[in-house]
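> dropping a prediction and its sequence here:
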Amino acid sequence: GGLGAAASLSGSNSAHMIHFTGMRGQESQQRQNVDFVRLNELMWKHDPSLTTAGSTKTSAPREQLPGAVHRVLGCLTSSGQVDTMLLRLPSLLLCLVSGSLPPPSRGDLYTSIVNIQGEIVVEKKLLQHLQSYIENEIYRMDDLKRFYEKVKALHNNVYQESVTAISNPLFAYTLIKRLQVDWQNIVYSNEAIENIQALKADYEKIEERLPKAEDLVGAAKGLMRLQDVYALSIKGLIKGEFLQSIGEDVSSIYRPTVSSTLSADDCFQIGKVAYDMADYYHSATWLEEAVTLFRQSIGIWNTEDQGSLEEALDHLAFSHYMIGNVGQAVILSKELLQLDVNNRRISRNIAKYQKLLGASADAHPKDVVLQRPNTTYLLTRNTYESLCQKLGSQPKHYQDSKLYCSYESNLSPHLILQPVKREIISQKPYVALYHNFISDSEGKRIKEIAAPWLQRSVVASGEKQTAMEYRISKSAWLKETVDPVISKLDLRIAHLTGLNVQQPYAEYLQVVNYGIGGHYEPHFDHATSPNSSLYRMKSGNRVATFMIYLSGVEAGGSTAFIYANFSVPVVKNAALFWWNLHKNGQGNADTLHAGCPVLVGDKWVANKWIREHGQEFQRKCGADPDE
């Protein structure tokens, strides 16, 4: 686990740009472009002669692309419809006459909480195998203790008078026999090997069902995302507490009924993931905690641990060097050298660090204050995170008469006797929340249908579709003929909105389940480029979004409207509706929105996107650019 050579630390983020037509003025065009461009940039320059943790620097593994075809029970679409940044074209529809469920995709397990829940059963099976191994080992050890006690009793009670004892031919024979046969059987017994081989064989039988290295990386990134967006205290997370630390104010934003603490090795692995991505801000903060915890348990080794104090110091020292805190790198390297006095590589690093400082090794330079870099390159990052942390700054209903609650039937005979509770959240853009839009049983049924068909959510970049870090979830597309609950839901949406939700004037229902720190960074639901593949369907742009919360969450997961400066919490069984386009057909810049990371909970939503064509009489055109 020493530090190896890594001369180049260049991070690479896939660049993508979405052009928006119809924004109000140059400022809107400019802010939108900057929000969605990921830059390839070398953050840090360093002395290539220094050696770093790991024999070679490895980049984070790429996400596996989902299969070309997403099957959805009775029917399927070839990769479904793409939501935004952009929109996927439902290019192929097949009816599944027979066949089995698609094989579970591995490497993206962390992107769906419902998939992670399935791993509990897997670990329970491993526990059973380990219990069997322990029982066999206990039996073996008890047998060894029996032999030990038998021989020890002879030495304590009989062999004190060796001449008398050995004069007895029975004692003499059994002594020779033990030394010639018994001890040999004890020392060269295969029982221990057979026990561990049996455990390995049981493990290998279910190994394919276990999370992959990519899942560990994704889970660690999810924790770091939650740390950033919700300003969480790492020390609090280690203790199982969700404490928000903003400036000098520290407050609890969620109190779990059962706490889960993090070990030194847990912290080391998170720091190592950040380190391998050349994210030295996060590697330094997490490795600091790992070092502290490892120091508290010097001399104690846990079989399951992969890291150690030496490795944590090694990575932490170089992390501090990379963020410019060379003095701290010297101090940590000296501590490491005391633990590994013959490590000449660390000695060379110390000499180079001291040379950079331009002072003696006894100097104690001032520490550099860690500052979080804007790795997402979002100009709206502060607004986005602030909206996620609290429920925005929009006026309250009593402060604005245009915001109100009502019973809505839309004059539909199907809703006259059972109107829907409507809450106007915003007028610009128009956003309405319909409470109790679905029942608990309907939400449960929709999740049951979608769960087996969930695939990693992707976004479009030109003609290609790929999984991206700014969207962490899995999704499935459900045709209305799959189950009566889907067709009834489509009818209810049509009655409430007055819009045509039949194909091709609306897309199939997309069901989404979020993963660890699952989120969707600021984006539009409508196409922002005239060259979008969406237009190939000849049904126009996405004029409206109808999003249903199929579940509640304990914390986080709000829907934040960035430029409109408000956010809507997850309300179980409620539905959120907004217009994506103005009446003149141009996109509404104020609908830029994001799915905030889920802090605690299992978030499910269902999206129904309604197209322009087929709505000519339901929503008439207008020349006013603000309508």
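Structure's in. What do you need? Numbers count the residues shown, from 1 in each chain.

> what's the first helix or strand after the regular element (helix or strand) spanning residue 385?
Using DSSP states H and E, residue 385 maps to helix 381-389. Downstream of helix 381-389, the first helix or strand assigned by DSSP H and E is strand 405-408.

> that next one packs against which elements?
For strand 405-408, the packing partners by 3 or more C-beta pairs under 8 Å, 6 or more residues apart in numbering; DSSP states H and E come out as strand 420-427. C-beta coordinates here come from the backbone N, C-alpha and C atoms, glycine included.

> got the contact list for whichever helix or strand comes after the strand it packs on?
The C-terminal neighbour of strand 420-427 among helices and strands, as given by DSSP H and E, is strand 430-435. Strand 430-435 has contacts (C-beta atoms under 8 Å, 6 or more residues apart in numbering) with 408, 420-425, 496, 561, 564, 568, 571, 573-579.

> can you do 7 Å?
Defining contact as C-beta atoms under 7 Å, 6 or more residues apart in numbering, one finds that strand 430-435 is touched by 420-425, 496, 561, 568, 571, 574-579.

> between those, which is nearest residue 440?
If you rank the contacts of strand 430-435 by distance to residue 440 using C-beta to C-beta, residue 574 comes first, at 12.4 Å.

> check the burial of the closest one by counting its neighbours.
A total of 21 residues lie near residue 574 under the criterion other C-beta atoms under 10 Å.

> next one: residue 123
Neighbour tally, residue 123, other C-beta under 10 Å: 12.

> now the one 10 residues further on
Around residue 133 there are 17 other residues, counting by other C-beta under 10 Å.

> check which helix or strand covers it.
Going by DSSP H and E, residue 133 is part of helix 113-157.

> now the strands for the stretch 201-350 of the chain?
242-246, 249-254 (DSSP state E, counting those that start in this stretch).

> from the contact counts, what lies against the last one?
For strand 249-254, the helices and strands in contact under the criterion 3 or more C-beta pairs under 7 Å, 6 or more residues apart in numbering; DSSP states H and E are strand 242-246, strand 553-556.

> out of these, flag the one nearest residue 298.
Once the helices and strands packed on strand 249-254 are compared by C-beta to C-beta, strand 242-246 is nearest, at 27.8 Å.

> give me the pLDDT for the residue located most distally from the centre of the chain.
Largest separation from the mean C-alpha position in the chain: residue 167, at 75.0 Å (C-alpha atoms, centre = their mean). We have a pLDDT of 91 for residue 167.

> could you measure from it over to residue 161?
9 Å (C-beta to C-beta, to the nearest Å).

> and for residue 265?
55 Å.

> these two - which one has more neighbours?
Taking other C-beta under 10 Å, residue 265 and residue 161 do not tie; residue 265 has more neighbours (20 against 10).

> need the contact list for the more buried one.
Counting by C-beta under 7 Å, 6+ apart, residue 265 has contacts 305-307.

> just those now: which is nearest residue 442?
residue 306 (45.0 Å).

> the closest one - nearest residue in space that isn't next to it in sequence?
residue 265 (6.1 Å; C-beta to C-beta, 6 or more residues apart in numbering).

> about what we covered before: most packed of the helices and strands packed on strand 249-254?
Per residue and on average, the most neighbours among those fall to strand 553-556, with a mean of 20 (mean count of other C-beta atoms under 10 Å).

> tell me what that one is packed against?
Checked by 3+ C-beta pairs under 7 Å, 6+ apart, strand 553-556 has strand 249-254, strand 598-601 packed alongside it.

> ok, now with 10 Å
helix 213-229, strand 242-246, strand 249-254, strand 598-601 (3 or more C-beta pairs under 10 Å, 6 or more residues apart in numbering; DSSP states H and E).

> now for the next helix-or-strand element following that strand, which elements pack on it?
For strand 553-556, the following helix or strand on the C-terminal side (DSSP H and E) is strand 559-561. Counting contacts by 3+ C-beta pairs under 10 Å, 6+ apart, strand 559-561 packs against helix 381-389, strand 420-427, strand 430-435, strand 520-523, strand 566-568, strand 575-579, strand 593-595.
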